[in-house]
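Novice: what shape does this take:
(one chain, ligands or ions: 1)
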Amino acid sequence: MNDIALKCDGVTVSYGALKAIDGVSHSFEKGRIYGLIGPNGAGKTTLLNVLAGRQMRHSGSIHCFGADITRTPPHERAHLGIGRSFQITKIFAEMTVLDNLRIAAQIKHSRFQPFWIAPRYERRLAGDIDAMLELTGLTARRDAIAGTLSYGLQRALELGITLMPDPRILLLDEPLAGVGQHEIESSTRLIKAVSAGRTVLLIEHNMDAIMSLSEEIVVMSNGRVIAVGAPEQIRNDATVRSVYLGEDAS
Ligand SMILES: Nc1ncnc2c1ncn2[C@@H]1O[C@H](COP(=O)(O)OP(=O)(O)OP(=O)(O)O)[C@@H](O)[C@H]1O
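Specialist: Okay, the predicted model is just below:
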C-alpha cells in the first residue's frame, strides 16, 4: 500500500445512458511511468479528469498516497502533488516564455508572497524560472512570444508550467499531439527526463513513443480496462490487437 501513489477503485462516470468509464480499478505505483492507451472514446481522458478532480460526478473512490481524495477539489489535489497537462496547449500565447513561467512560479510561491517584493522572493522566482528554462530547453527562447514557438516548444513550455509546483504525480494528456515529426524525438526525450522520480500517467496515440516511455501499459476500451502489462506483452496481446484493428493496428 505504501508504494501506491494513486489508486482508483470501481470508478464509473455516466453521461446519460453512456458509461464513459465503467468500474475502473487500478493502482499506480510511486515512481513508475504508465501509458494509458485505447481507441478514441475509450475513456482515457475521462479517467485522467477523475484522477485530477476535474470530473467529480462519479461513483467509486480515489486515493492519493493513502489518503481518500474522492471529494477533494482539483486545486487541493494540486497542492497534494497532482499535476495535469491537457490535450490542447494551455499557455498564454501573447506573452513571452519567461512571463508564462513567471506566472507559474508566482502561483507556486503565492502562499509566501509578502505585500512588497522582497529581493529574496525575487531571487527564488528567478532561480525556479531559470531551472525550468534549462530543463525544458527553452533558455535561448526565453524572450520569444510563446505563440510564435514551434508546437513542440509550446508543449515543452506547457510542460514547464505544469512542472513548476514540482508535482509528484504527473497526468499527461497527449503531450505529443500536434508535435511535428522532426520534434517527436526531442519531445519524447524531454518527457522521459521530467518523468524521473515521479509517478506518470501518460495518454498518447503515438505508439512508438508510449511504448518506449512506459514501464506499464493500461489498455482501455469502451470505458473498461481490458489489459495491463509491460509494453512488449501488450504489443503481442491478441485482445489489444483486435481492439486496434481498423485503427492503427501496426
Ligand atoms: N462531457 C461529456 N458529455 C457527454 N459525453 C462525453 C463527455 N465527455 C466525454 N464523453 C464521452 O465519453 C466517452 C469517453 O470519452 P473520453 O474523452 O474519455 O475518451 P478518450 O479515450 O480520451 O478518447 P480520445 O482518445 O478520442 O481523446 C466518449 O464516448 C465521449 O464521447
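Novice: now do the worst-scoring helix or strand of the chain on mean pLDDT: everything it contacts.
Specialist: Least confident helix or strand of the chain, by mean pLDDT, DSSP states H and E, is helix 238-244 with a mean of 85. Helix 238-244 is contacted from outside by 38-39, 219, 221, 226-227, 234, 249, using C-beta atoms under 8 Å, 6 or more residues apart in numbering. No exception for glycine: its C-beta is placed from N, CA and C like everyone else's.
Novice: any idea which of those is closest to the ligand?
Specialist: Set against the ligand, the nearest of the contacts of helix 238-244 by C-beta to the nearest ligand atom is residue 38 (5.4 Å).
Novice: that closest one against residue 221, yeah?
Specialist: Yes - with contacts counted by C-beta atoms under 8 Å, residue 38 reaches residue 221, the gap being 5.3 Å.
Novice: higher neighbour count, those two?
Specialist: Counting neighbours by other C-beta atoms under 10 Å for residue 38 and for residue 221 shows that residue 38 has the greater number, 25 against 19.
Novice: skipping adjacent residues, who's closest to that one in space?
Specialist: Residue nearest to residue 38 in three dimensions, not counting chain neighbours: residue 220, with 3.7 Å by C-beta to C-beta, 6 or more residues apart in numbering.
Novice: pretty sure residue 26 contacts residue 218?
Specialist: Yes - using C-beta under 8 Å as the test, residue 26 is close enough to residue 218 to be in contact (6.2 Å).
Novice: and residue 25, which helix or strand is it part of?
Specialist: strand 18-29 (DSSP states H and E).
Novice: enumerate the residues of the protein near the ligand.
Specialist: 15, 18, 20, 38, 40-46 (C-beta under 6 Å from any ligand atom).
Novice: weed out the non-buried ones from those.
Specialist: With burial judged by 16 or more other C-beta atoms under 10 Å, the buried subset of the residues of the chain next to the ligand is 20, 38, 42-46.
Novice: what ranges do the strands span in the chain?
Specialist: In the chain, the strands defined using DSSP state E lie at 4-15, 18-29, 33-37, 59-64, 67-68, 82-85, 169-173, 199-203, 216-221, 224-229.
Novice: what is the longest helix seen in the chain packed up against?
Specialist: If you go by DSSP state H, the chain has its longest helix at helix 119-135. Secondary-structure packing of helix 119-135 (3 or more C-beta pairs under 8 Å, 6 or more residues apart in numbering; DSSP states H and E): helix 97-108, helix 151-163.
Novice: lowest average pLDDT across those?
Specialist: The weakest mean pLDDT among the helices and strands packed on helix 119-135 belongs to helix 97-108, with a mean of 89.
Novice: other SSEs contacting it?
Specialist: Counting contacts by 3+ C-beta pairs under 8 Å, 6+ apart, helix 97-108 is packed against helix 119-135, helix 151-163.
Novice: so which bits of it are buried?
Specialist: In terms of neighbour count (16+ other C-beta under 10 Å), helix 97-108 has its buried residues at 97-102, 104-105.
Novice: need the max-distance pair from these.
Specialist: Spatial extent of those (C-beta to C-beta) is set by the pair 97 and 105 at 12.5 Å.
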